[in-house]
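Engineer: What follows is a predicted structure for the sequence shown.
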Amino acid sequence: MARCGFGCWGRCRPDTRYGKGKRWLAVWVDPDGKECSTAYDRKADAERKIAAMGADIARGDYIDPNAGKVLFGDFAERWLASRLVDPSTKIRYEYIHRLHVAPVFAKRQVKAIKPSHVQAWISDLSSRFGTSTVQTAFLVLQGVFSLAVADEVIKRSPAKSPVVQVPKRAAEEITAWSDERVSAVIDAHPDLFRLLPMIGAACGLRQGELFGLALEDFDIDERVLRVRRQIKKLGGDHVYALPKNDRERVVPLPDWAAGAVKRHVSVYRPLLCSLPWEKLDGKPRTHNLLFRWTDDRHIRSRTYSEIVWKPALVQAGVIAPPGKDSRQRRRYTTSRKEGLHQLRHYYASVMLAGGVSVRELAEYLGHADPGFTLASTPT
């Protein structure tokens with residue numbers, strides 16, 4: 001039953017406040033036995049609220065109306081702290097939240113955020129950033145709302161409304177490089193680094209796996225390579241970690257690649273390198289890295305890309321010579337189609353042409369799903 005704001009039930013004698021403010025209270029008892037109330041201007045609105053709360057309690061769908069008043073930013077901190085993901089993924093989530101989610105939603109009450117607010121945010125992000133950034137930002141936003149639903153702070157996630165549409169990454173046609181192009185890129189590498197693209201083309205390793213490759217991973221007699229780790233960047237530092245999908249694997253080692261490894265090791269001694277395992281405070285592990293930088297440290301992705309890989313692409317005629325930016329710094333014009341990952345596509349095309357099944361190739365590439373291997377196979 002609704003009661004008036006002066007504390008009595010039904011109609012009461014007006015005083016100087018008569019006709020001002022919210023004079024009717026919707027009063028109900030929640031499942032925990034606690035009396036709750038909400039003020040309304042009209043008695044009819046208060047009665048509707050009581051009926052709705054009673055129906056929710058009967059269905060087991062009751063949510064405290066005050067629960068949703070928590071700020072989105074506070075709940076986002078809970079969600080980020082609860083993620084059981086690898087450190088690099090967690091760093092990316094925190095970065096994306098800080099730059100793209102928190103500025104818009106952090107100071108809003110969770111219950112006050114509507115699907116229209118989410119869609120407007122997605123549209124704005126899409127006008128300024130790439131699809132990958134938008135999708136990751138939405139993943140973070142949706143995760144926070146899902147936790148809010150699970151904790152019974154809100155009934156439904158505004159991120160799951162049918163009106164919310166997230167851009168999808170357009171499917172790219174993958175074309176494998178020719179033998180001639182791959183050979184030209186390899187030949188354009190300085191001798192110290194030439195084995196790196198050779199192993200990429202011969203065994204299909206990812207970039208971080210190439211950088212983390214150690215002498216003890218090769219079984220020259222058996223002609224196999226055991227992919228056991230990668231070097232990952234966490235913030236400004238690096239760690240050893242399991243390959244993507246947390247799966248070690250064994251890859252066939254062609255005779256010509258085995259010979260190239262022997263020649264490289266005879267000239268360039270392996271680098272004894274210690275790094276933490278999986279996280280920055282992880283237990284250090286030491287390996288005889290096959291590849292080293294000129295300062296006798298492990299290879300870093302951006303340094304290799306700018307100083308070795310891209311100049312090799314220019315020499316091989318794959319991309320144009322670099323230009324200069326406004327600060328007269330050298331800048332190359334490249335796309336995803338000219339990255340080191342192209343050697344992995346080349347490897348896949350060679351293996352399939354040689355009669356290897358998609359399932360076998362998925363094992364060699366470290367894909368969890370052969371369907372993904374098929375979808376990402378170059379033409």
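Structural biologist: Yep, it's here.
Engineer: and residue 305, what is it in contact with?
Structural biologist: residue 340 (C-beta atoms under 8 Å, 6 or more residues apart in numbering). Every C-beta, even on glycine, is put in place using the N, C-alpha and C of the backbone.
Engineer: From residue 313, how far off is it?
Structural biologist: Distance, residue 305 to residue 313, by C-beta to C-beta, to the nearest Å: 10 Å.
Engineer: Wasn't residue 51 part of a helix?
Structural biologist: Yes. Secondary structure of residue 51 (DSSP: H, G, I helix; E, B strand; the rest coil): part of a helix.
Engineer: so what's residue 290 closest to, chain neighbours aside?
Structural biologist: residue 213 (4.8 Å; C-beta to C-beta, 6 or more residues apart in numbering).
Engineer: Need the phi and psi values for the one you found.
Structural biologist: Main-chain torsions, residue 213, degrees, to the nearest 10: phi -70, psi 130.
Engineer: wait, what's in contact with it?
Structural biologist: Neighbours of residue 213 in contact, by C-beta under 8 Å, 6+ apart: 199, 205, 225, 227, 289, 290, 291.
Engineer: which residue ranges form the strands in the chain?
Structural biologist: For the chain, the strands defined by DSSP state E cover 2-4, 24-29, 35-40, 218-219, 224-227, 230-234, 237-241, 249-252, 271-276, 284-289, 323-324, 330-331.
Engineer: buried sites along stretch 327-346?
Structural biologist: Under the neighbour-count criterion of 16 or more other C-beta atoms under 10 Å, stretch 327-346 has 332, 334, 338, 339, 340, 342, 343, 344, 345, 346 buried.
Engineer: With distance to residue 320 and pLDDT added, can I get these in CSV?
Structural biologist: Below are the buried residues of stretch 327-346 laid out as CSV (distance: C-beta to C-beta, whole Å; pLDDT from 0 to 100):
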residue, distance to residue 320, pLDDT
332, 8, 91
334, 10, 87
338, 11, 92
339, 16, 93
340, 19, 95
342, 17, 95
343, 21, 96
344, 24, 95
345, 22, 94
346, 22, 95
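Engineer: pLDDT weak spots in the chain?
Structural biologist: Low-confidence segments of the chain, defined by pLDDT under 70: 1-22, 28, 30-32, 53, 55-69, 171, 370-379.
Engineer: Just give me the longest helix of it.
Structural biologist: Taking DSSP state H as the criterion, the chain has its longest helix at helix 131-150.
Engineer: To what extent is residue 119 buried, counted in neighbours?
Structural biologist: Residue 119 has 17 neighbours, counted by other C-beta atoms under 10 Å.
Engineer: Test my guess that it contacts residue 165.
Structural biologist: Yes. Counting by C-beta atoms under 8 Å, residue 119 touches residue 165, with 6.9 Å between them.
Engineer: what's near enough to touch the nearest residue to residue 288 once chain neighbours are set aside?
Structural biologist: Nearest non-adjacent residue to residue 288, counting by C-beta to C-beta, 6+ apart: residue 270, 3.7 Å away. The contact partners of residue 270, taken as C-beta under 8 Å, 6+ apart, are 214, 215, 288, 289, 290, 292.
Engineer: quick one: which of the buried residues of stretch 327-346 is nearest to residue 137?
Structural biologist: Of all these, residue 137 sits closest to residue 339, with 23.3 Å by C-beta to C-beta.
Engineer: buried set for stretch 118-132?
Structural biologist: Buried residues in stretch 118-132 (16+ other C-beta under 10 Å): 118, 119, 121, 122, 125.
Engineer: List just the nearest of those to residue 99.
Structural biologist: Proximity of the buried residues of stretch 118-132 to residue 99 (C-beta to C-beta) peaks at residue 125, which lies at 10.3 Å.
Engineer: still on that earlier bit, for the contacts of residue 213, could you give me a markdown table that also reports distance to residue 78 and neighbour count?
Structural biologist: Formatted as a markdown table, those follow (distance: C-beta to C-beta, whole Å; neighbours: other C-beta atoms under 10 Å):
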| residue | distance to residue 78 | neighbour count |
| --- | --- | --- |
| 199 | 44 | 25 |
| 205 | 38 | 28 |
| 225 | 43 | 27 |
| 227 | 37 | 24 |
| 289 | 40 | 23 |
| 290 | 43 | 23 |
| 291 | 42 | 22 |
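Engineer: do you know how far the most centrally placed residue in the chain is from residue 80?
Structural biologist: The C-alpha lying nearest the average C-alpha coordinate of the chain belongs to residue 89 (C-alpha atoms, centre = their mean; 5.4 Å). In this view, residue 89 and residue 80 are 11 Å apart by C-beta to C-beta.
Engineer: Burial check on the closest residue to residue 49 other than its chain neighbours, number of neighbours?
Structural biologist: In space, residue 49 comes closest to residue 26 once its chain neighbours are excluded; the distance is 3.7 Å by C-beta to C-beta, 6+ apart. If you count neighbours by other C-beta under 10 Å, residue 26 ends up with 23.
Engineer: Identify the bridge partners of residue 26.
Structural biologist: residue 2, residue 38 (DSSP bridges).
Engineer: Tell me if I'm right that it and residue 41 touch.
Structural biologist: No. Between residue 26 and residue 41 there is no contact under C-beta under 8 Å: 11.7 Å.
Engineer: ok, which stretches of the stretch 101-250 of the chain are helices?
Structural biologist: 102-105, 115-128, 131-150, 179-187, 195-203, 207-211 (DSSP state H, counting those that start in this stretch).
Engineer: circling back: now render the strands of the chain as JSON lines, adding distance to residue 265.
Structural biologist: Putting the strands of the chain into JSON lines (distance: least, C-beta to C-beta, whole Å) gives the following:
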{"stretch": "strand 2-4", "distance to residue 265": "85"}
{"stretch": "strand 24-29", "distance to residue 265": "77"}
{"stretch": "strand 35-40", "distance to residue 265": "74"}
{"stretch": "strand 218-219", "distance to residue 265": "9"}
{"stretch": "strand 224-227", "distance to residue 265": "14"}
{"stretch": "strand 230-234", "distance to residue 265": "19"}
{"stretch": "strand 237-241", "distance to residue 265": "21"}
{"stretch": "strand 249-252", "distance to residue 265": "18"}
{"stretch": "strand 271-276", "distance to residue 265": "11"}
{"stretch": "strand 284-289", "distance to residue 265": "10"}
{"stretch": "strand 323-324", "distance to residue 265": "38"}
{"stretch": "strand 330-331", "distance to residue 265": "33"}
